[in-house]
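Sharing a model prediction with you, sequence too.
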Number of protein chains: 4
Amino acid sequence: MAGSETARIEAFSDGVFAIAITLLVLDLKVPKDLERSRSLAAALAAQWPAYIAFITSFLTILIMWINHHRIFTLVGRSDDRLMLYNGLLLMGVTLVPFPTSLVAEYLRYDGQRTAVIVYNATFIGIAICFNLLWRTAAVNDRLLHPHADRAAVERIFDAYRYGPLWYVIAFAMTFVSVMASLALNLALAIFYALPHTHTARGYRS
Amino acid sequence: MAGSETARIEAFSDGVFAIAITLLVLDLKVPKDLERSRSLAAALAAQWPAYIAFITSFLTILIMWINHHRIFTLVGRSDDRLMLYNGLLLMGVTLVPFPTSLVAEYLRYDGQRTAVIVYNATFIGIAICFNLLWRTAAVNDRLLHPHADRAAVERIFDAYRYGPLWYVIAFAMTFVSVMASLALNLALAIFYALPHTHTARGYRS
Amino acid sequence: MAGSETARIEAFSDGVFAIAITLLVLDLKVPKDLERSRSLAAALAAQWPAYIAFITSFLTILIMWINHHRIFTLVGRSDDRLMLYNGLLLMGVTLVPFPTSLVAEYLRYDGQRTAVIVYNATFIGIAICFNLLWRTAAVNDRLLHPHADRAAVERIFDAYRYGPLWYVIAFAMTFVSVMASLALNLALAIFYALPHTHTARGYRS
Amino acid sequence: MAGSETARIEAFSDGVFAIAITLLVLDLKVPKDLERSRSLAAALAAQWPAYIAFITSFLTILIMWINHHRIFTLVGRSDDRLMLYNGLLLMGVTLVPFPTSLVAEYLRYDGQRTAVIVYNATFIGIAICFNLLWRTAAVNDRLLHPHADRAAVERIFDAYRYGPLWYVIAFAMTFVSVMASLALNLALAIFYALPHTHTARGYRS
């Protein structure tokens, strides 16, 4: 019964992740009412902030989904606190298309700093929810599987101890350079998406 | 066969809940055509009714999803009446983004009372469907699992006896104060989303 | 292996049905730029064609989903022809929000006949796909489970022999009265959604 | 554990495919503000590029989904490289509604060549991801099931050796004739969607 309870949480969460990641495409707008002198190619090229935002958000949600699954591989039971933090986490994930849209719209214009601050704040909020979710499950083995892989548990504790720091740095960088902050976000997304020997071991074990 | 029938109803319902909860983000609009004198931050801050409506609707659908699963943990068979009431319930759930949008758009303007009335009416309609669904399944153990947890069954009967009353109160309050009615909705959503000793027991059992 | 193949087709189809049915809500528009003299309540009431179209389409997709599952309860194997007709069926289902939108927009205006014709034609197309899908599976027991319930198989053959006729009648009625055609569609959707002794037996068996 | 890992990748991917294929309908626009002299039927008929693009994209995503499943029937384990290429593949799939929209909007107008180039480039990108995904799994039996059907493995190697060529040809044709390129895309989609003796065997085996 307990196992089937987390299976249902996972299936619902998977649905939300899949939909949020697919809705990102709605932020790519078809250029309308081109001026005579402007080609469609030029109009599409001018939308590069939207593509950067799309790729960054897509990879970030993808990595979040992978992390969500890593956690639930180790969780054996559910309770109301876990449901609450998972719910808040999903609220953060469904929000992502909104700040992505803000960045796509306002980068290079007045308001770009505000847009990237909201973007970074969303990711920090999600990172906090991930920490709350994980600590609810894992501190004192509260809700972990009796036979959960100890090495995998330790790796997640390590990752969550320092990981959110990067998003705080990205947030702080917004006040120095909006572009650098966005570039750090993209770099983080690509870095985490690339295969790592360490992580690969995590999967195989 | 019967068990697999409810499994399919649950999977389809999960899909609908997950999509409806994710579509709520489409009600958060990127401010367009800012006037010169107005910053993006100010424009975003001015949209606070949209955020209140988003959070209230998100938590409410999340709680509905949890309740839906609690019911189906206890239901062992399906028939056409159950399918009908579940279908009407899902129709109510898919509707939620629409009144949420109304509230986000009209709060603080003419028409805000109408918007919040429609919002409350949607939740009352869904509560009625939940009651019909539950009574179809549980009265005289019509469609319950032979080994359904009796204490859990009683707890749901209790909850559904008085629960809808809160939504009726929220509805009635609209005629006194629109803001108070909305605040009650938000308070209810937060209250039900927070962990409860009682409910926690329900999960563990 | 074969069984798991139809399981995957069902899961994918369930996803498409769930998304198509949830996207219908996007056809309900929040009234914008109300004229001074007009209340939100009046503007919402004036949108009644959208609500009729929403309810009719929702119930119709719900019934299609139930029928889809009834078929796949009896189907044991898959081949390319089944995949093709199922794919065409899903194309029809994903289309439904478009003619629904047409009806919501044009009912009571010039073009309402065209809108309802497209609406009816979509349902006829889907009914044809259902027939092709079912005949591919069931004629000569081509892809049926070896132990498929013979009475259930016969009931579907009966239903599919005369069922599409109603949609043809609704289509033909468009040329007499647009409203009557739409009313027949709604009546059919409600009729099929209501519990039937006969059908109920089909589930229990 | 490894098997359940690919099950989760498949379920998430199925969700993304199902949503992307259903979002295509949002590219079919309800004609607004018809001029007096123009009927709705004429306005709908004038949108034929949108219907061609819808059908081509729908069938293409459908075929991609079938191919994705064929691959995962044979894959037994997962690692980070597989996750990465699957993630990039899904990014390509969620993108499809955007170039579809471009084609629907710009066909027959200035910019139609650009639109169809982007459309073709998206499909080439997806074909490359499919190749990377397959080669990661199958070269040296890296991640294949120990008992994977050898004939099916060979058939996929064959198909992926020459298959992408068609998309390159469609891409090249854009510079000769935009319409011919689009027609080739549609023809390919229909050809692959039609039942083939060869492929059918692949399913049955």
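In hand now; what should we look at?

can you map out the helices along chain A?
Using DSSP state H, the helices of chain A run over A:2-23, A:40-45, A:48-74, A:80-95, A:97-106, A:112-138, A:150-173, A:178-193, A:197-204.

Now those helices in TSV, please, with extra columns for mean pLDDT, mean neighbour count and distance to chain B.
Glycine gets a C-beta too; all of them are placed from N, C-alpha and C. Shown next, in TSV, are the helices of chain A (pLDDT from 0 to 100; neighbours: other Cβ atoms under 10 Å in any protein chain shown; distance: least, Cβ to the nearest Cβ, whole Å):
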stretch	mean pLDDT	mean neighbour count	distance to chain B
helix A:2-23	85	21	3
helix A:40-45	94	16	17
helix A:48-74	93	21	11
helix A:80-95	94	22	4
helix A:97-106	95	24	4
helix A:112-138	94	21	4
helix A:150-173	88	15	15
helix A:178-193	90	18	12
helix A:197-204	40	14	26
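
okay if I get those helices as CSV plus distance to chain C?
Shown next, in CSV, are the helices of chain A (distance: least, Cβ to the nearest Cβ, whole Å):
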stretch, distance to chain C
helix A:2-23, 8
helix A:40-45, 25
helix A:48-74, 16
helix A:80-95, 14
helix A:97-106, 15
helix A:112-138, 23
helix A:150-173, 28
helix A:178-193, 25
helix A:197-204, 23
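
Nearest to residue C:11, out of those?
helix A:2-23 (10.6 Å; Cβ to Cβ).

For residue C:39, find the nearest of the helices of chain A.
helix A:97-106 (30.3 Å).

angle of the closest one against helix A:178-193?
Put simply, helix A:97-106 runs at 140 degrees to helix A:178-193, going by axes from the mean of the first three to the mean of the last three Cα atoms, to 10 degrees.

Is any residue of helix A:97-106 near chain D?
No - remark: helix A:97-106 sits outside contact range of chain D, by Cβ under 8 Å from any Cβ of the partner chain, the gap being at least 11.6 Å.

Mind giving me the packing neighbours of that helix?
Under the contact definition 3 or more Cβ pairs under 8 Å, 6 or more residues apart in numbering or on different chains; DSSP states H and E, helix A:97-106 sits against helix A:48-74, helix A:112-138.

what's the spacing between that helix and its chain's center?
15 Å (Cα atoms, centre = their mean, to the nearest Å).

and what of stretch A:121-134?
For stretch A:121-134, the distance to the chain centre is 9 Å (Cα atoms, centre = their mean).

Pull that stretch out as PDB, backbone CA atoms only.
The C-alpha trace of stretch A:121-134 is given here as PDB (Å, rounded to 0.1, in the frame of the first residue of the first chain):
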ATOM      1  CA  ALA A 121      14.100  33.300  -7.800                       C
ATOM      2  CA  THR A 122      11.900  30.600  -9.200                       C
ATOM      3  CA  PHE A 123      14.800  28.200  -9.400                       C
ATOM      4  CA  ILE A 124      15.900  29.100  -5.900                       C
ATOM      5  CA  GLY A 125      12.400  28.400  -4.700                       C
ATOM      6  CA  ILE A 126      12.400  25.000  -6.400                       C
ATOM      7  CA  ALA A 127      15.800  24.200  -5.000                       C
ATOM      8  CA  ILE A 128      14.400  24.900  -1.500                       C
ATOM      9  CA  CYS A 129      11.400  22.700  -2.100                       C
ATOM     10  CA  PHE A 130      13.800  19.900  -3.200                       C
ATOM     11  CA  ASN A 131      15.700  20.300   0.000                       C
ATOM     12  CA  LEU A 132      12.600  20.200   2.100                       C
ATOM     13  CA  LEU A 133      11.300  17.200   0.200                       C
ATOM     14  CA  TRP A 134      14.600  15.300   0.600                       C
END
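
Give me every residue in chain A that's in contact range of chain D.
Counting by Cβ under 8 Å from any Cβ, chain A sits next to chain D at A:10-11, A:14-15, A:17-19, A:21-26, A:28, A:30, A:32, A:34, A:39-41, A:44, A:55, A:58-59, A:62, A:65-66, A:69, A:73, A:193-196, A:199-200, A:203-204.

rewinding a little: now the helices and strands packed on helix A:97-106 as a markdown table including distance to residue B:83?
As requested, these are exported to a markdown table (distance: least, Cβ to Cβ, whole Å):
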| stretch | distance to residue B:83 |
| --- | --- |
| helix A:48-74 | 31 |
| helix A:112-138 | 35 |
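
quick one, what contacts residue A:65?
A:14, A:17, A:21, D:12 (Cβ atoms under 8 Å, 6 or more residues apart in numbering or on different chains).

For these, work out which two are farthest apart.
Maximum distance among the contacts of residue A:65 (Cβ to Cβ): 10.6 Å, for A:14 and A:21.

Tell me if I'm right that residue A:178 and residue A:119 touch.
No - using Cβ atoms under 8 Å, residue A:178 is not in contact with residue A:119, being 10.0 Å away.

Mutual contacts of these two, please.
Common neighbours of residue A:178 and residue A:119 are not found (criterion: Cβ under 8 Å, 6+ apart).

Residue A:67 is in contact with residue A:13, correct?
No - Residue A:13 sits out of contact with residue A:67 when judged by Cβ under 8 Å, with a separation of 11.4 Å.

For residue A:93, give its distance to residue B:50.
18 Å (Cβ to Cβ, to the nearest Å).

now swap in residue A:162 and tell me
In terms of Cβ to Cβ, residue A:162 sits 35 Å off from residue B:50.

again with residue A:42
From residue A:42 to residue B:50 the distance is 34 Å (Cβ to Cβ).

Can you give me the buried ones in stretch A:32-42?
For stretch A:32-42, the neighbour count (16 or more other Cβ atoms under 10 Å in any protein chain shown) marks residue A:40 as buried.

Please save the CA atoms from that stretch in CSV.
Extracted as CSV, the C-alpha positions of stretch A:32-42 are listed here (Å, rounded to 0.1, in the frame of the first residue of the first chain):
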residue,chain,number,x,y,z
LYS,A,32,3.5,38.5,-36.9
ASP,A,33,3.0,41.6,-39.1
LEU,A,34,6.6,41.8,-40.4
GLU,A,35,7.5,45.2,-41.7
ARG,A,36,8.1,45.2,-45.5
SER,A,37,11.8,45.6,-45.2
ARG,A,38,12.3,42.7,-42.8
SER,A,39,12.7,39.1,-43.6
LEU,A,40,11.2,36.2,-41.5
ALA,A,41,14.7,34.9,-41.0
ALA,A,42,15.8,38.2,-39.5
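
Return the distance of it from the chain's centre.
Taking Cα atoms, centre = their mean, one finds stretch A:32-42 lying 34 Å from the centre of the chain it belongs to.

same deal with stretch A:59-79?
Centre to centre, stretch against its chain (Cα atoms, centre = their mean), the figure for stretch A:59-79 is 12 Å.

on that earlier part again, nearest to residue B:167, out of the helices and strands packed on helix A:97-106?
Nearest to residue B:167, of these and by Cβ to Cβ, is helix A:112-138 at 27.9 Å.

Show me how far that closest one is from its chain's centre.
8 Å.

other SSEs contacting it?
So helix A:112-138, by 3+ Cβ pairs under 8 Å, 6+ apart, packs with helix A:48-74, helix A:80-95, helix A:97-106, helix A:150-173, helix A:178-193, helix B:40-45.

From the contact counts, what lies against the second one?
Using 3+ Cβ pairs under 8 Å, 6+ apart as the contact criterion, the elements in contact with helix A:80-95 are helix A:2-23, helix A:48-74, helix A:112-138, helix B:2-23, helix B:48-74, helix B:197-204.

ok, residues contacting it?
Contacts for helix A:80-95 (Cβ under 8 Å, 6+ apart): A:9, A:13, A:16-17, A:19-20, A:61, A:64, A:68, A:75, A:122, A:125-126, A:129-130, A:132-133, A:136-137, A:143, B:21-22, B:24-25, B:28, B:55, B:58-59, B:62, B:66, B:193-196, B:199-200, B:203.

Alright, that wraps it up for me.
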